[in-house]
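Asks: Show me the folded form of this:
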Amino acid sequence: MTRPRYNMRPVPGLLRAGPDGDVFPVIVTPYGDRVVMRGEADIGAVPLRRLRRDATQDARATLHRTDWRGWRLDVADVTPDSWVSGIKLKSRLPLRGLAIVAALLLVIIIGLWLGRDRIIIATAPLLPHRVTDQIGRDYLAEMGRVCDNGPGSAALLRLTARLAPPTLPEPLSVKVIDSADVNAVALPGGHVALYRGLIEQAQSADEVAAVLAHEIEHVAYQHPNQNILRASGPAVIARTLESNAGEMADLTVLEKADKAAEAEADAGAIELLGAANISTQGAADFFERQGSFLSIFSSSHPSDAARARRFAGAAKSGTAPALNADDWKALQAICGA
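Replies: I've put the predicted structure just below:
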């Protein structure tokens, strides 16, 4: 197999020797197994084997040294047959990505002794937020219109801030979807979707607060991230190796959380409501009145009667409404007329 023949003409460039180094205009010329850079003074030479390049765009490319962090050479007038095109592309996987992959592989090896579920639980926190966030955004985009009328969104933000614990594994983002379904769901990447139908069915802000607290606890336990690993683990892990997460929704099917996860979220919701001084009676009332809480997921949730008893048993006196009257009215109208 013959090696491709490249155009060996010099190209203009800008050399930066380190992150804080000065910039020098240079002419870059290949000589055998190295390139020579000349400016007002003879700058020096670099072996070709120590150079890597970014992808060429608009006849420009950036060269990096493998042995000198922060060194870069921006070159122009790069044609498809230029010697610059013969330099190896810089790896798309940064050192941080390598560390993530190594950790994932270690978890998988250990998990071979422990079982699939333990692998998933241990691996979920290692997924980069850029990947899980994109998956969550893709799901939101497919759910329908996101409601935002100003006062209603402000009320939702206040309710979220009151309930959210001091620390979560991923940034929390709560939206309302313009759908008549009586439903709510926690998504990968810290996203939570409440449906308009649920807010319309609720008879108080305390009931909505209970649902939201439950979904926040799914985020806290990283149940959505575990679910996407169960559905499409290899595909999701493969995406962590790429610089662009993009188009993730087509890779996975959002699975129902199991009853153990739902019980964890219920227990955590009771704690969140207590810390926010919001009565758990709202959740109990909702369960008793609703045929099945979050009906789409009814098969994965404990029975409504059992949950109603659990939340009613945790109710305390001296609590404050989840929202004042004006904020509750604004939240009910968040999707408009």
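Asks: CA-only coordinates of the helix or strand hosting Glu207 in CSV, if you can.
Replies: Using DSSP states H and E, Glu207 sits within helix 205-221. Written as CSV, here are the backbone C-alpha positions of helix 205-221 (Å, rounded to 0.1, in the frame of the first residue of the first chain):
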residue,chain,number,x,y,z
ALA,A,205,-50.5,23.3,46.2
ASP,A,206,-49.6,20.7,48.9
GLU,A,207,-50.7,17.9,46.6
VAL,A,208,-48.5,19.2,43.8
ALA,A,209,-45.6,19.7,46.3
ALA,A,210,-45.9,16.0,47.3
VAL,A,211,-45.6,14.9,43.7
LEU,A,212,-42.7,17.2,43.0
ALA,A,213,-40.9,16.0,46.2
HIS,A,214,-41.3,12.4,45.0
GLU,A,215,-39.8,13.2,41.6
ILE,A,216,-36.9,15.2,43.2
GLU,A,217,-36.0,12.2,45.2
HIS,A,218,-35.8,10.1,42.0
VAL,A,219,-33.2,12.6,40.9
ALA,A,220,-31.4,12.4,44.2
TYR,A,221,-31.2,8.6,43.9
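Asks: mind listing what's buried in it?
Replies: 205-221 (16 or more other C-beta atoms under 10 Å). Heads up, the C-betas are built off the backbone N, CA and C, glycines and all.
Asks: now stretch 73-85
Replies: Neighbour-count burial for stretch 73-85 flags 73-75, 78, 82-85 (criterion: 16+ other C-beta under 10 Å).
Asks: As CSV, those residues with secondary structure would be great.
Replies: Putting the buried residues of stretch 73-85 into CSV (DSSP: H, G, I helix; E, B strand; the rest coil) gives the following:
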residue, secondary structure
Leu73, strand
Asp74, strand
Val75, strand
Val78, coil
Ser82, strand
Trp83, helix
Val84, helix
Ser85, helix
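Asks: now for the helix holding Glu207, which elements pack on it?
Replies: helix 151-163, strand 184-187, strand 191-195, helix 196-201, helix 259-275, helix 281-289, helix 325-332 (3 or more C-beta pairs under 8 Å, 6 or more residues apart in numbering; DSSP states H and E).
Asks: what would these look like in CSV with mean neighbour count and mean pLDDT?
Replies: Listed next are the helices and strands packed on helix 205-221 as CSV, based on neighbours: other C-beta atoms under 10 Å; pLDDT from 0 to 100:
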stretch, mean neighbour count, mean pLDDT
helix 151-163, 18, 95
strand 184-187, 26, 93
strand 191-195, 24, 95
helix 196-201, 19, 94
helix 259-275, 19, 91
helix 281-289, 22, 87
helix 325-332, 17, 96
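Asks: Nearest to Val35 among the ones you listed would be which one?
Replies: Distance to Val35, taken as C-beta to C-beta, is lowest for strand 191-195 among these, at 47.7 Å.
Asks: That closest one pairs with which strands, and in what direction?
Replies: On the basis of DSSP bridges, the sheet neighbours of strand 191-195 come out as strand 173-177 (parallel), strand 184-187 (antiparallel).
Asks: For those strands, give me CSV that also has distance to Arg309.
Replies: Below are the strands paired with strand 191-195 laid out as CSV (distance: least, C-beta to C-beta, whole Å):
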stretch, distance to Arg309
strand 173-177, 28
strand 184-187, 21
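Asks: right, and the helices and strands packed on helix 205-221 - which one's nearest Asp178?
Replies: Nearest to Asp178, of the helices and strands packed on helix 205-221 and by C-beta to C-beta, is helix 196-201 at 5.4 Å.
Asks: low-confidence ranges in the stretch 101-250 of the chain?
Replies: Counting by pLDDT under 70, the stretch 101-250 of the chain has low-confidence residues at 101-116, 232-250.
Asks: relative orientation of the helix holding Glu207 and strand 191-195 in degrees?
Replies: 150 degrees (axes from the mean of the first three to the mean of the last three C-alpha atoms, to 10 degrees).
Asks: Trp68 - how many residues pack around it?
Replies: 12 (other C-beta atoms under 10 Å).
Asks: Look up how far Leu127 lies from the residue nearest the centre of the chain.
Replies: For the chain, the residue nearest the mean C-alpha position is Asp133 (2.1 Å; C-alpha atoms, centre = their mean). Taking C-beta to C-beta, to the nearest Å as the measure, Asp133 falls 10 Å from Leu127.
Asks: Touching both of the two, which residues are there?
Replies: Both Asp133 and Leu127 lack any common contact, where contact means C-beta atoms under 8 Å, 6 or more residues apart in numbering.
Asks: Please list all residues in contact with the nearest residue to Ala312 once chain neighbours are set aside.
Replies: Excluding the flanking residues, the one nearest Ala312 by C-beta to C-beta, 6 or more residues apart in numbering is Ala284, at 3.8 Å. The neighbours of Ala284, taking C-beta under 8 Å, 6+ apart as the test, are 307-309, 311-312, 315.
Asks: Where helices are concerned, which of the residues you listed count?
Replies: 307-309, 311-312 (DSSP state H).
Asks: May I have the host helix or strand of Ile135 as PDB, with CA atoms only?
Replies: Assessed by DSSP H and E, Ile135 sits inside helix 129-143. Coordinates of the C-alpha atoms in helix 129-143 are reproduced here as PDB (Å, rounded to 0.1, in the frame of the first residue of the first chain):
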ATOM      1  CA  HIS A 129     -23.800  15.400  33.100                       C
ATOM      2  CA  ARG A 130     -23.400  16.600  29.500                       C
ATOM      3  CA  VAL A 131     -24.700  13.100  28.400                       C
ATOM      4  CA  THR A 132     -27.600  12.700  30.800                       C
ATOM      5  CA  ASP A 133     -28.600  16.400  30.400                       C
ATOM      6  CA  GLN A 134     -28.900  15.900  26.600                       C
ATOM      7  CA  ILE A 135     -30.900  12.800  27.100                       C
ATOM      8  CA  GLY A 136     -33.300  14.600  29.400                       C
ATOM      9  CA  ARG A 137     -33.700  17.500  27.100                       C
ATOM     10  CA  ASP A 138     -34.400  15.200  24.100                       C
ATOM     11  CA  TYR A 139     -37.200  13.500  26.100                       C
ATOM     12  CA  LEU A 140     -38.600  16.900  27.100                       C
ATOM     13  CA  ALA A 141     -38.700  18.000  23.500                       C
ATOM     14  CA  GLU A 142     -40.800  14.900  22.600                       C
ATOM     15  CA  MET A 143     -43.300  15.400  25.500                       C
END
